[in-house]
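1. Fold the stuff below for me.
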Amino acid sequence: MADSGTLKEGIRLYRLKRWELALKELLLVNAEKFDEDEHAELSYYLGLCYTKVGKYNDALLYLEQVVTAGRDPLRVYQCRMTLAYIYVITRRSKMAEFELNRLVAGGFESVQLYTTLAFSAWLQKQPKKAIELYEKALELDENNTTAMNGLGFILVDTDMDLLRGLRLCRRAVDRKPQSAAYLDSLGWAYFKCGDLLEARTWLRRALDMAPQEAEIRNHMRIVMGET
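-> Numbers count the residues shown, from 1 in each chain. Model (predicted):
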């Protein structure tokens with residue numbers, strides 16, 4: 001009973017977004033007498049906590065346990081999405097694509113799934129495939145800013161459709177003006193369209209918001225003629 005209480009406290013802290021404290025609490029759990037459902041619950045929250053604190057290799061271990069057990073379809077879906085997210089940000093795009101395609105084959109469809117697949121395709125230098133997937137995401141939700149920004153950026157970066165790309169980037173910024181990534185895309189779109197003044201304005205805002213982002217700094221150097 002004591003360990004069940006520790007598990008519940010860890011879950012409570014997780015829901016309060018106190019990731020480090022939740023992880024410490026969950027690691028105190030002695031799961032020897034847990035049944036399968038309790039083991040799955042513990043693995044699920046350990047996987048999510050490790051993801052939140054950026055310890056991705058540990059997260060993969062526990063998330064895979066939940067997927068392998070397959071006891072709760074919705075949790076399997078969430079864990080596969082989280083696995084794909086980890087693989088994308090750690091530049092293991094083919095593994096991300098594998099997880100996401102398993103969801104597609106299982107009949108799952110969501111904006112998040114298509115935008116993650118699209119970004120994975122872009123990392124693998126497959127812009128046309130990425131565009132198709134972002135278009136599918138916008139078919140499901142025409143106001144999804146992740147899809148707007150992703151599609152807009154690719155359209156301008158590849159010179160496929162500069163004006164549409166600029167409009168999409170502009171819409172994304174209008175909806176989320178505090179996103180450095182969206183400001184960067186808009187600045188890059190203006191640069192690709194030949195408007196250096198607007199490009200510098202928006203890239204400066206992006207850089208002020210996220211000075212550590214290498215891609216934003218690189219875009220600014222290009223626009224300022226420093227490369």
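2. centroid residue for this structure?
-> Nearest to the mean C-alpha position of the chain, by CA atoms, centre = their mean, lies Y85 at 5.3 Å.
3. does that residue belong to a helix or a strand, and which?
-> helix 73-89 (DSSP states H and E).
4. low-confidence ranges in this protein?
-> The model of the chain has pLDDT under 70 over residues 1-2, 227.
5. Strands of this protein, start to end?
-> Applying DSSP state E to the chain gives no strands.
6. sorry, back to before: chain neighbours aside, what residue packs nearest to the residue nearest to the centre of the chain?
-> In space, and not counting its chain neighbours, Y85 is closest to T116: 6.7 Å by CB to CB, 6 or more residues apart in numbering. For every residue, glycine as well, the C-beta is placed using N, CA and C.
7. For burial, what's the neighbour tally of that neighbour?
-> Residues lying near T116 (other CB atoms under 10 Å) number 24.
8. now S43
-> Neighbour tally, S43, other CB under 10 Å: 23.
9. Same question for K176.
-> For K176, using other CB under 10 Å, the count is 15.
10. Roughly how far does the closest residue to it other than its chain neighbours sit from L113?
-> Nearest residue to K176 in three dimensions, chain neighbours excluded: T145, at 5.2 Å (CB to CB, 6+ apart). According to CB to CB, to the nearest Å, T145 and L113 sit 16 Å apart.
11. The two: which is more packed in?
-> Per other CB under 10 Å, whichever of T145 and L113 has more neighbours is L113, with 23 against 19.
12. residue contacts, the more buried one?
-> L113 is in contact with M81, L100, L103, V104, counting by CB atoms under 8 Å, 6 or more residues apart in numbering.
13. Which one of those is nearest to H219?
-> Using CB to CB, L100 is the member of the contacts of L113 that lies nearest H219, at 28.0 Å.
14. ok, the closest one touching L83?
-> No - contact between L100 and L83 fails when scored by CB atoms under 8 Å: they sit 9.2 Å apart.
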